[in-house]
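A.B. asks: Quick check, what structure comes out for this input:
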Amino acid sequence: MDLAEDVVQDSLIEAIKHWTYKGIPDNPSGWLFRVAKNKALNIINREKYKRQYSSDVAHLLQSEWTAGPAVNHLFSEKEILDDQLRMMFTCCHPSISPDSQVALILKTLCGFSIPEIAKAFLTNDENINKRLVRARQKIRESKIPFEIPPGKSSKSRLQTVLETIYLLFNEGYSASTGTDLIRYEVCEEAIRLAEIIAAHELIEEKSTIYALLALMQLNSSRFNARQDTEGNILTLEQQNRSLWDFALMKEGFINLDKSLPTNQISIYHILATISSYHCSAPGYGSTDWKSILTLYDRLVEIDNSPVALLNRAVALSKVEGAKIAIEELQKLQNIPSLKTYHLLYAVMAEFYIGMDQFGQAADQLQKAIELAPLDAERIFLQKKLANCNEKIFKGNVPFSNSHLSLGH
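C.D. replies: All right, here's what the predicted structure looks like:
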């Protein structure tokens, strides 16, 4: 991998030097590919007696007569897609830690820089470098094959690959740090990687892949409406639905149809179906919350995670009312991972606002503001707190509120 990155970097440096004086060529990508192939051939010829190659064209690289055609084959569009799929499975080998898996995918498959990866994971460049070094060392020491694993191991590894892609998408959907609420490029890369898997003939069972793809596309289709022109967060209720990307939404619905019928329902099937209810509702008031609550009930049967329970509480409030939803949230308050999760307190505050209990709401909002990782979220919550304080000052006069939804 280091050798491949060196070839790419050398080619880009040469492009900067060459294009500065002679102008950008008519086919920039073709120029870069040609230079990269030549550099790869030079390295192969120079090191053919020092290095052993593990690919299925290794024997061809030993001869100068066959190395050229072999490298041309490796640079073909189909072979590059095959390599990206192999790299996904390599990066997601079970012997590599989950955080290193994602870092490795972002670096090798998505082209992210070290600072960009560090920003995504709320850490520093040194930690990301260490993760990458450990992951590459594990690949070398364990002699992890650069391949799509055969048989049953392929199915189990595929689940890890999909989990990693979904983790990648979630980081883009609701960034963990920085000034941007949404990191569009991260979400686009997650969708692109899932599309590669879905389109590949070597992957037989694709129901779960289509479900994940549908989930990401349906959620991404609402991105343009999640913030106003000044960057302020807009809840699902406040969003201008005409700004939704209906072409992308249609692709999501098509992939959701492709994911069914199936004998095995994954969390991606359920979450994609929940998202489809939000997308298909003509307006916020006509959202089918009863069906959404039923789906969350099904979800917590197979994924009893704190976030799933928190989202279920939001749906429960729409069906059974805020009082019952508060009782459900109070059961979650001692879960360690939720104690520092700002949305737990933000949602609790919304329930209290719905009951005109502005003092309790203000206390919860203050906690949420302290824990919120993004400026946009803090500003959003501070406006809510200001409204609550105004109502408290005026003597708890009821006011019209707009409910916070985790699906903003």
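
A.B. asks: Show me the shaky parts of the stretch 251-400 of the chain.
C.D. replies: Within the stretch 251-400 of the chain, the ranges that satisfy pLDDT under 70 run 395-400.

A.B. asks: Spell out, range by range, the strands that occur in it.
C.D. replies: Remark: no strands are assigned in the stretch 251-400 of the chain by DSSP state E, counting those that start in this stretch.

A.B. asks: what about the helices in it?
C.D. replies: Along the stretch 251-400 of the chain, counting by DSSP state H, counting those that start in this stretch, helices occupy 267-280, 289-302, 306-320, 322-330, 336-339, 342-354, 358-371, 375-393.

A.B. asks: Turn these into JSON lines, including mean neighbour count and distance to residue 11.
C.D. replies: Quick note: C-beta positions are derived from backbone N, CA and C, even for glycine. Converted to JSON lines, those look like this (neighbours: other Cβ atoms under 10 Å; distance: least, Cβ to Cβ, whole Å):
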{"stretch": "helix 267-280", "mean neighbour count": "21", "distance to residue 11": "38"}
{"stretch": "helix 289-302", "mean neighbour count": "16", "distance to residue 11": "47"}
{"stretch": "helix 306-320", "mean neighbour count": "20", "distance to residue 11": "43"}
{"stretch": "helix 322-330", "mean neighbour count": "17", "distance to residue 11": "54"}
{"stretch": "helix 336-339", "mean neighbour count": "13", "distance to residue 11": "44"}
{"stretch": "helix 342-354", "mean neighbour count": "23", "distance to residue 11": "44"}
{"stretch": "helix 358-371", "mean neighbour count": "20", "distance to residue 11": "45"}
{"stretch": "helix 375-393", "mean neighbour count": "17", "distance to residue 11": "38"}
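
A.B. asks: Tell me which of these sits nearest to residue 226.
C.D. replies: Of all these, helix 375-393 sits nearest to residue 226, with 9.7 Å by Cβ to Cβ.

A.B. asks: Kindly reformat the helices of the stretch 251-400 of the chain as CSV containing distance to residue 10.
C.D. replies: Below are those laid out as CSV (distance: least, Cβ to Cβ, whole Å):
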stretch, distance to residue 10
helix 267-280, 40
helix 289-302, 48
helix 306-320, 44
helix 322-330, 55
helix 336-339, 45
helix 342-354, 45
helix 358-371, 45
helix 375-393, 39
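
A.B. asks: From the rest of the structure, what touches stretch 87-107?
C.D. replies: 108-109, 112, 114, 116-117, 120-121, 128, 131-132, 134-136, 138-139, 142, 144-149, 154, 157-158, 160-161, 164-165, 167-168, 171, 189, 193, 196-197 (Cβ atoms under 8 Å, 6 or more residues apart in numbering).

A.B. asks: Need the distance between the two termini of stretch 107-125.
C.D. replies: 13 Å (Cα to Cα, to the nearest Å).

A.B. asks: now stretch 327-336
C.D. replies: In stretch 327-336, first residue to last residue: 18 Å (Cα to Cα).

A.B. asks: cool, and stretch 234-253?
C.D. replies: End-to-end distance of stretch 234-253 (Cα to Cα): 24 Å.

A.B. asks: buried stuff in that stretch?
C.D. replies: The neighbour-count check on stretch 234-253 (16 or more other Cβ atoms under 10 Å) flags 234, 235, 236, 238, 239, 244, 245, 248, 249, 251, 252, 253 as buried.

A.B. asks: from those residues, which is closest to residue 355?
C.D. replies: Nearest to residue 355 out of those is residue 235 (Cβ to Cβ; 18.2 Å).

A.B. asks: which secondary structure element contains the residue nearest the centre of the chain?
C.D. replies: Nearest to the geometric centre of the chain sits residue 169, at 0.8 Å (Cα atoms, centre = their mean). Assigned by DSSP states H and E, residue 169 falls within helix 151-173.

A.B. asks: Likewise for residue 126?
C.D. replies: helix 125-141.

A.B. asks: residues making contact with that helix?
C.D. replies: Here helix 125-141 has contacts from 1-2, 90-91, 93, 95-97, 99-101, 103-104, 107, 114-115, 117-118, 121, 144, using Cβ under 8 Å, 6+ apart.

A.B. asks: Now, of the residues you listed, which are buried?
C.D. replies: If we count by 16+ other Cβ under 10 Å, the contacts of helix 125-141 have these buried: 1, 90-91, 93, 96, 100-101, 103-104, 107, 114, 117-118, 121, 144.
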